[in-house]
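Undergrad: give me the fold of what follows.
(2 chains)
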Amino acid sequence: MVTITIEGLCADLQRRPVLNDISATLAPGKMIGIIGPNGSGKSTLVRAILGLVRARRGSILVDRRDVSLVPPRELARTIAYLPQGQTLHWPLSVERLILLGRLPHLGPLSRVSEEHARASQAAMARADVTHLSGRIVTELSGGERARVMLARALAVGAPAIVADEPLAALDPGHQMDVMELLSREAKAGSLVVVVLHDLTMAARYCDQILLLNEGSLVADGPAPQVLTEQALMQVYGITAAFSDCHGRAAVIPFARMASSARL
Amino acid sequence: MTRAIVLELRLPRTLVALLVGAMLGLAGGVLQGYLRNPLAEPSVLGASNSAALGAVGAIYFGIAERHVALLPLLAILFGLLALLLLFGLAGRSESPLALVLAGIAVSTLAGAGISLALNLSSNPFAAMEIMSWLLGSVENRSMEHVWIALPCVAMGLSMLLFDTRALDALSLGEDGARSLGVNLRRTRARLLIGLAVGVGGAVAVSGSIGFIGLIVPHLIRPFTDRSPSAVLMPSMLGGAMLLASADILVRLIPTHSELKLGVVTAFLGVPVFLVHLLRERRLW
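TA: Numbering: from 1, shown residues only, chains lettered A, B, ... in the order given. Predicted coordinates for the structure are as follows:
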């Protein structure tokens, strides 16, 4: 169980301000979506949570300890990260890739023990990729690869998971697979933070949504409070239809506002 | 007579070849893992030529005569400068081609420096010696060369083999590796120093022998699980074996004057390099 508290966070990328005075509390057992237009600072926010981007002002607290003061390996055991783009530079087997998730638990010269193999197996089972274990990751389909990368993050066994656009380039079925999987992790007590573009997915699966625009936090709360006609118009410059498909939320963007009409 | 040939000629020569080969093989494997680029290798990236430039400078300006350690030191220093320049030029880019281009620039610059020394050197003996640094060879090496190479290579090998898990983590990119608890700055520093000391020390006794670090990991990778760390130890042993056997080959091939090792390895290495370059657009 881990709580991440963001307090008045300002951060720069190449001296350009990207995040401006962001405060939020990310509590365990919740699925938290971060949404916003391209370039609104979503990725920078999650990278700051992982200590990959330094705060210019404000702070990020991992269980009341500043993220920059947590030793890297300890932080790695606390927050698992699934970076954008499913980067993998070598054609590793699925099994070998997932074992990488155990690195934060291994010393430089220690051996991979039974315990690590078991944790990998469990992660593969949770992400439903056990049948792929002998395959080469770079030869998998997009949907399989997404689940395998997710299993790698699960193998860390961290109480928090941060996934940056895990749905990019997935078909609707596989998108739902990934969201279901993350949502199960949250229900089991993990803190799950996920960067999304799909508003319906955010509305349906997230317990809390942070809406970013131009580096500022515009709204923070449960989906019905954050995803309003007003907010989508202001932030995305779109009009959207809100509907309810058999008790499940759907947000369908249908028109782009002329740029002059945007607030 | 036979005893003298074995102990004073063959033994040091073979030991130098083994040390240099081990260092270059491992350096290739490590650079490929760190830069996530199967084309990376000390000579392709210009580190070997730069170290050779340092050695040539030591000879040209007569610095080498003052102390035995000065030539290897200058080689190490120049190797380090080349690697710093290279990591600086291409460190941010994840494209293999950008890195190779930067390496060509560094390598060509160092090569031009050596040619300049060759061009300006007044006596033909100095020119011959400088030439041998460009070609790369372990001919006529004595135990003194072994004692120069041994500490450098030992230090280089142990620094490069210390934390191979960081290289595995880098399969996931820099953010991926850092989020797995890898301290990239420390890893980079350790690799830079290990590579400079090891490759610099190797070049100081053998000149610029290219492509060992490219050929060996390339041959070994298909037999491993293709993770960067799995290639390292076999590359080290394979490099030692390849260079020692290539050296036996140049002694046995009947030519007018003995073939230089660097020439042979270049002829072996360039096809491997080309195969990789042509595959560049695919995943390997």
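
Undergrad: all strands for the stretch 151-263 of chain A, in order.
TA: A:160-164, A:191-195, A:208-213, A:216-221, A:238-245, A:248-256 (DSSP state E, counting those that start in this stretch).

Undergrad: just name the most buried of the ones you listed.
TA: Of all the strands of the stretch 151-263 of chain A, strand A:191-195 carries the top mean neighbour count, a mean of 26, counting by mean count of other Cβ atoms under 10 Å in any protein chain shown. Quick note: C-beta positions are derived from backbone N, CA and C, even for glycine.

Undergrad: tell me the mean pLDDT over that strand?
TA: Mean pLDDT, strand A:191-195: 97.

Undergrad: need the contact list for the closest residue to B:Phe78 other than its chain neighbours.
TA: Using Cβ to Cβ, 6 or more residues apart in numbering or on different chains and skipping the chain neighbours, the partner closest in space to B:Phe78 is B:Gly54 (3.1 Å). By Cβ atoms under 8 Å, 6 or more residues apart in numbering or on different chains, the contact set of B:Gly54 is B:Leu71, B:Leu74, B:Ala75, B:Ile76, B:Leu77, B:Phe78, B:Gly79, B:Gly200.

Undergrad: how about JSON lines for those residues, with pLDDT, neighbour count and secondary structure added?
TA: Listed next are those as JSON lines, based on pLDDT from 0 to 100; neighbours: other Cβ atoms under 10 Å in any protein chain shown; DSSP: H, G, I helix; E, B strand; the rest coil:
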{"residue": "B:Leu71", "pLDDT": "89", "neighbour count": "23", "secondary structure": "helix"}
{"residue": "B:Leu74", "pLDDT": "93", "neighbour count": "23", "secondary structure": "helix"}
{"residue": "B:Ala75", "pLDDT": "93", "neighbour count": "34", "secondary structure": "helix"}
{"residue": "B:Ile76", "pLDDT": "94", "neighbour count": "25", "secondary structure": "helix"}
{"residue": "B:Leu77", "pLDDT": "95", "neighbour count": "17", "secondary structure": "helix"}
{"residue": "B:Phe78", "pLDDT": "95", "neighbour count": "26", "secondary structure": "helix"}
{"residue": "B:Gly79", "pLDDT": "93", "neighbour count": "34", "secondary structure": "helix"}
{"residue": "B:Gly200", "pLDDT": "93", "neighbour count": "32", "secondary structure": "helix"}
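
Undergrad: contact partners for A:Leu82?
TA: By Cβ under 8 Å, 6+ apart, A:Leu82 lies in contact with A:Met149, A:Leu150, A:Arg152, A:Ala153, A:Ile161, A:Val162, A:Ala163, A:Asp164, A:Pro166.

Undergrad: what about 6 Å?
TA: Residues near A:Leu82 by Cβ atoms under 6 Å, 6 or more residues apart in numbering or on different chains: A:Ala153, A:Ala163, A:Pro166.

Undergrad: Throw the strands of the stretch 151-263 of chain A into CSV and include distance to B:Val6, thanks.
TA: Below are the strands of the stretch 151-263 of chain A laid out as CSV (distance: least, Cβ to Cβ, whole Å):
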stretch, distance to B:Val6
strand A:160-164, 62
strand A:191-195, 67
strand A:208-213, 74
strand A:216-221, 77
strand A:238-245, 83
strand A:248-256, 81
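
Undergrad: which two in the contacts of B:Gly54 are spaced the farthest apart?
TA: Farthest pair in the contacts of B:Gly54 (Cβ to Cβ) is B:Leu71 and B:Gly79. Separation: 12.6 Å.

Undergrad: check the gap between B:Leu24 and chain A for me.
TA: Counting by Cβ to the nearest Cβ, to the nearest Å, the gap from B:Leu24 to chain A is 21 Å.

Undergrad: state the number of residues packed around that residue.
TA: Residues near B:Leu24, counting by other Cβ atoms under 10 Å in any protein chain shown, number 35.

Undergrad: so it versus B:Phe211, what's the distance?
TA: Distance, B:Leu24 to B:Phe211, using Cβ to Cβ, to the nearest Å: 9 Å.

Undergrad: repeat for B:Ala126
TA: Distance of B:Ala126 to B:Phe211, computed by Cβ to Cβ: 27 Å.

Undergrad: same thing with B:Ala240?
TA: Distance from B:Ala240 to B:Phe211, by Cβ to Cβ: 15 Å.

Undergrad: name the residue in these two with the higher neighbour count.
TA: For B:Ala240 versus B:Phe211, the count of surrounding residues by other Cβ under 10 Å is larger for B:Phe211: 27 against 23.

Undergrad: B:Val264 is in contact with the more buried one, correct?
TA: No. The pair B:Phe211 / B:Val264 is not scored as a contact, 9.7 Å apart, by Cβ atoms under 6 Å.

Undergrad: so where is the chain shaky, pLDDT-wise?
TA: Chain wasn't specified; assuming chain A. Across chain A, the ranges flagged by pLDDT under 70 are A:258-263.

Undergrad: please refer instead to chain B.
TA: Residues of chain B meeting the criterion pLDDT under 70: B:90-96, B:280-284.

Undergrad: need the residues of it near chain A, please.
TA: Contact residues (Cβ under 6 Å from any Cβ of the partner chain) of chain B with chain A: B:36, B:163, B:165, B:169, B:171-173, B:175-176, B:178-181, B:183, B:225-227, B:283.

Undergrad: OK, contacts around residue 202?
TA: Just so you know, I chose chain A. Counting by Cβ under 6 Å, 6+ apart, A:Ala202 touches A:Gly33, A:Ile35, A:Leu196, A:Ile209.

Undergrad: my question was about chain B
TA: Residues near B:Ala202 by Cβ under 6 Å, 6+ apart: B:Val20, B:Met23.

Undergrad: and the gap between B:Ala47 and B:Gly21?
TA: Distance, B:Ala47 to B:Gly21, by Cβ to Cβ: 16 Å.
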